[in-house]
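K.L.:
coords please:
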Amino acid sequence: MDAFITAFVLRMFPTWMRSVIAPFLPARYRLKNHRAKAEQVLAAKIAKHQEARRRKERGEPVEEEDTLMDWMLDNGNEQETDLAEMSNRQLAMTLASVHTTSTNTASFLFELCAHPEFFPVLREEIEEVAKEAGKDAKVDIRRWHPQLEKMDSFLVECFRVHPPILLSPQRVALQDYTLRDGTFLPKGCRIAFANGEHQMDPAITPNPEVFDPMRAYRKRHSDPDQYDRNQAVLTDVNNNLTFGYGNQACPGRFLGVAEVKLLVARFITEFDFKYPEGKTVPRTLSADENVFFEPSATLLMRKRKVD
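P.N.:
Coordinates of the predicted model:
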């Protein structure tokens, strides 16, 4: 929250004024405290990993958890593995992963309550997949979440109707560049693609104003060549641009989609949901290119009564 508040406030001012305005922002001071805390936490973890690496080099047996941070330390250069830089990167990954996952889970539940006929459809799929995968709590999520194809299709449609960001992919010109149509992009220029408008284009999505939860499911099963294309984790210019495009697409999308499926599966298996009387899908608001639901929106939930 502090990162977004700081960024949004500073964006309202010309670049030359931001260094003058920044010292007066309480959110910026809180942000500095977060960074200091991150350095404190990571310093101990980095020291532990470095000691484990030295022991491995001496041929000693070492039991160490395999984490992304360890991989970054082992494969980064001196600047990238600097404590301050590593702290910034860990915080950036946290920022990029938390609000998007929660927003996508919320959009799923909001739309599911607007189309309650899909509660039994998804619950039946969850039960079938659970039987096939086994109910052992140690079953790897990667073995069962791809089999939730109807849930995946519902999620893809949520991405299309409620994109968490309106401009994706985004790029920065690292040097002066001229496009094929003659458009000149100076070094440092930021460019972006209006993915939200693109996926609401009737030429791309037939009847785009209709929320069709099984749209991607039908595509996947329409032809063997389409089966692997229409998935929530895949970026495709005609199907899903939620996670960007090309070799700069979000590397955490596989984890993010698995998280949403795990959350939704647990929620609708154990609870009933519905809108308060007279309510329906809440309005979506935006701050720059970032999209979020009306903060006051609520759902009613209760523990399911299962026979």
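
K.L.:
got a list of what the closest residue to residue 214 other than its chain neighbours touches?
P.N.:
Closest residue in space to residue 214, ignoring its immediate chain neighbours: residue 153 at 5.4 Å, by C-beta to C-beta, 6 or more residues apart in numbering. Placement of C-beta: from N, CA and C, glycine included. Residue 153 is in contact with 213-218, 220, 230, counting by C-beta atoms under 8 Å, 6 or more residues apart in numbering.

K.L.:
ranges for the strands of the stretch 151-300 of the chain?
P.N.:
With DSSP state E, counting those that start in this stretch as the criterion, the stretch 151-300 of the chain has strands at 170-172, 177-178, 184-185, 190-192, 271-274, 284-287, 290-293, 300-303.

K.L.:
Mean neighbour count, these: which tops it?
P.N.:
Sort those by mean neighbour count, taking mean count of other C-beta atoms under 10 Å, and strand 290-293 sits at the top with a mean of 17.

K.L.:
Output it as PDB, restricted to C-alpha atoms.
P.N.:
Included here for strand 290-293 are C-alpha records, laid out as PDB according to Å, rounded to 0.1, in the frame of the first residue of the first chain:
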ATOM      1  CA  ASN A 290      -4.400  -0.400 -12.100                       C
ATOM      2  CA  VAL A 291      -7.900  -1.800 -11.600                       C
ATOM      3  CA  PHE A 292      -9.600  -2.800  -8.400                       C
ATOM      4  CA  PHE A 293     -13.100  -3.400  -7.100                       C
END
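
K.L.:
Contacts for that strand, please.
P.N.:
4, 99, 103, 106-107, 110, 162-166, 196, 282-286.

K.L.:
Which ChimeraX command selects the buried ones in those residues?
P.N.:
To isolate the buried ones among the contacts of strand 290-293 in ChimeraX, judged by 16 or more other C-beta atoms under 10 Å, type:
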select :103,106,107,110,162,163,164,165,166,196,282,284
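
K.L.:
Filter the contacts of strand 290-293 down to just the ones in helices.
P.N.:
Applying DSSP state H to the contacts of strand 290-293, the entries found in helices are 4, 99, 103, 106-107, 110, 196.

K.L.:
out of those residues, what pair is the most spread apart?
P.N.:
4 and 110 (21.6 Å; C-beta to C-beta).

K.L.:
So which of the strands of the stretch 151-300 of the chain is nearest residue 116?
P.N.:
strand 271-274 (7.2 Å).

K.L.:
For that closest one, which strands pair with it and how are they oriented?
P.N.:
Applying DSSP bridges to the sheet, strand 271-274 is found paired with strand 300-303 (antiparallel).

K.L.:
Just give me how far the partner strand sits from the chain centre.
P.N.:
Its chain's C-alpha centre and that of strand 300-303 lie 26 Å apart, by C-alpha atoms, centre = their mean, to the nearest Å.

K.L.:
do the same with stretch 204-218
P.N.:
In this view, stretch 204-218 has its centroid 21 Å away from the chain centroid, taken as C-alpha atoms, centre = their mean.

K.L.:
Now do the buried residues in that stretch.
P.N.:
With burial defined by 16+ other C-beta under 10 Å, the residues of stretch 204-218 counted as buried are 205, 211-217.

K.L.:
ok, of those, which one's closest to residue 148?
P.N.:
residue 217 (10.6 Å).

K.L.:
Let me know the outermost residue of the chain.
P.N.:
Largest separation from the mean C-alpha position in the chain: residue 58, at 40.5 Å (C-alpha atoms, centre = their mean).

K.L.:
Give me the pLDDT value at it.
P.N.:
Per-residue confidence (pLDDT) for residue 58: 91.

K.L.:
Next, it: phi, psi?
P.N.:
phi -90, psi 0 (degrees, to the nearest 10).

K.L.:
Surely residue 219 is in contact with residue 234?
P.N.:
No: judged on C-beta atoms under 8 Å, residue 219 makes no contact with residue 234 at a distance of 11.6 Å.
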